[in-house]
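In: sequence plus the predicted model coming up.
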Amino acid sequence: MASAPTAPPTPAKLPRIVAASLIGTTIEWYDFFLYGSAAALVFNKLFFPDSDPLVGTLLSFLTYAVGFAARPLGALVFGHYGDRLGRKKLLVLSLLLMGGATFAIGLLPTHATVGTAAPVLLTLLRLVQGFALGGEWGGAVLLVSEHGDARRRGFWASWPQTGAPAGQLLATGVLSLLTAVLSDAAFAGWGWRIPFLLSGVLVIVGLWIRLSVDESPVFKEARARAEARAGDAERLPLVSVLRHHWRDVLIAMGARMAENISYYVITAFILVYATTSAGVSKQTALNAVLIASAVHFAVIPAWGALSDRIGRRPVYLLGAAGVGLWMFPFFRLIDTGGFGALIVAVTVGLVLHGAMYAPQAAFFAEMFATRMRYSGASIGAQFASVAAGAPAPLIATALLSDYDSSTPIALYVIAAAVLTVVAVAAGKETRHRDLAEVAPSGDAEPATARTADAPVV
């Protein structure tokens, strides 16, 4: 029996859905990036005070990396239930978990108060953050992708992606303000807690907005078709993903390598490199990241719109190749110690990163069938983060410690860029795909790729 196409959202409805995803992802990335910045600036002294400064930074980044280790588990759990119960419910839960963990970090006793229990508690809360973020990204981009206009999906789906620079902007802005008005002693003593405690207020705002939007119409249509066939519901989306979409998962993981590694080198490791090797003050480094993040936020929708015109793969490949080519100039500009050069280095790096990050949401969503899309997109994205973003600041700091040079770090990012170029080039263009699926769960080949103009059958 033919099923009627899902009606597109009204002009007033779609921006509200985009806002719900954007504000939620902004809050969650604020929480996540806040930890990364604090790890580079103060956690080494507060939670690992007995270590050499650079070793303390390495240990601090190690707890930072632990959050990434939990992201695949979050992707599996949230993806499974998101494909069975819906996108909206899981997004509300992810926001509560992330906000609660971040607020609790702001209340943690330090090493000076409770000794080794302090870094243990910090690590546990970091695990909760990673688990929540592992489930957040897939649901947020799917909620927009499955509501939006197919011909402008790249543009609309790129807006939740701006939550990353918006969260970075917010986290860096708050830290920059506090380091400007507080002495180093005051910031280390109590000022660092303020941004973490602010998360509680932000979560209340995010929940109010997220609870006001509707479930994805594409998901509701797919679930209705499954319920119409006795026992046809997707009981184990993960199994279906690995059976029918293993190649897409590998392509998504490869696509994330340069995107993830370059981002954390440019925005997190720079706070270590600029202050220790280039003699730049932490306030100057934070201000440069702040300005660059604002530009990053602005260019992501533009890259998303371009992917609607020329395709996801060309834009993604441009970003991957560009980031690789930029790495040596990036470090040379930082080595000058000038504020203007620092701004140019970070800004150009993030603009090129945006060419990968903007089309990524639509690109990954278009790879998978509806009843396994949350699982597939989340698994591809978050499993890659364990090998890419998690160790990136750690590896970069270790390379700097061993070689006292930026050259090995640049080569590390370039190698990731080559891997991403190969992965994306091996994938298929997806911008004309219709996100509605037609094949029942038991079919050998679930339909994943009707063109946007094809009839729904």
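Out: It's in. Residues are numbered from 1 along each chain as shown.
In: tell me the pLDDT of Ile266.
Out: The model reports Ile266 with a pLDDT of 93.
In: wait, Ala180
Out: Ala180 is given a pLDDT of 83.
In: so who does it touch?
Out: Gln283 (Cβ atoms under 8 Å, 6 or more residues apart in numbering). All C-beta atoms are positioned from the backbone trio N, CA, C, and that covers glycine.
In: so who does the closest residue to Val418 other than its chain neighbours touch?
Out: Closest residue to Val418 apart from its sequence neighbours, by Cβ to Cβ, 6 or more residues apart in numbering: Gly324 at 6.8 Å. By Cβ under 8 Å, 6+ apart, the contact set of Gly324 is 258, 413-414, 416-418, 421.
In: what does Lys13 give?
Out: 147, 214.
In: in which helix or strand would I find the residue nearest to Val418?
Out: helix 312-335 (DSSP states H and E).
In: scan the chain for its longest helix.
Out: Using DSSP state H, we find that the single longest helix of the chain is helix 53-85.
In: still on that earlier bit, give me the buried positions along the helix holding Gly324.
Out: Counting neighbours by 16 or more other Cβ atoms under 10 Å, one finds that the buried residues in helix 312-335 are 312-324, 326-327, 330-331, 333-335.
In: over to stretch 205-224?
Out: Buried-residue list, stretch 205-224, by 16+ other Cβ under 10 Å: 206-207, 209-210, 213, 215-219, 221-223.
In: hey, where'd the helices end up in the stretch 1-150 of the chain?
Out: Along the stretch 1-150 of the chain, the segments classed as helices by DSSP state H, counting those that start in this stretch run 13-38, 44-47, 53-85, 87-105, 111-114, 117-145.
In: which ones among the buried residues of stretch 205-224 are found in helices?
Out: Short answer: the buried residues of stretch 205-224 in helices (DSSP H) are 206-207, 209-210, 217-219, 221-223.
In: quick revisit: run the chain-centre distance for the helix holding Gly324.
Out: 19 Å (Cα atoms, centre = their mean, to the nearest Å).
In: okay, it in CSV with CA atoms only?
Out: Provided in CSV are the C-alpha atoms of helix 312-335 (Å, rounded to 0.1, in the frame of the first residue of the first chain):
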residue,chain,number,x,y,z
ARG,A,312,28.3,17.3,0.1
ARG,A,313,31.5,15.6,-1.1
PRO,A,314,33.1,18.5,-3.0
VAL,A,315,32.7,20.8,0.0
TYR,A,316,33.9,18.2,2.5
LEU,A,317,37.0,17.4,0.3
LEU,A,318,37.8,21.1,0.1
GLY,A,319,37.8,21.4,3.8
ALA,A,320,39.9,18.3,4.4
ALA,A,321,42.6,19.2,1.9
GLY,A,322,42.6,22.8,3.1
VAL,A,323,43.1,21.9,6.7
GLY,A,324,46.0,19.7,5.8
LEU,A,325,47.7,22.4,3.7
TRP,A,326,47.1,25.0,6.4
MET,A,327,48.9,23.3,9.3
PHE,A,328,52.4,24.5,8.7
PRO,A,329,51.3,28.2,8.1
PHE,A,330,49.1,27.8,11.2
PHE,A,331,52.0,27.0,13.6
ARG,A,332,54.4,29.5,11.9
LEU,A,333,51.8,32.3,12.5
ILE,A,334,51.4,31.3,16.1
ASP,A,335,55.2,31.3,16.6
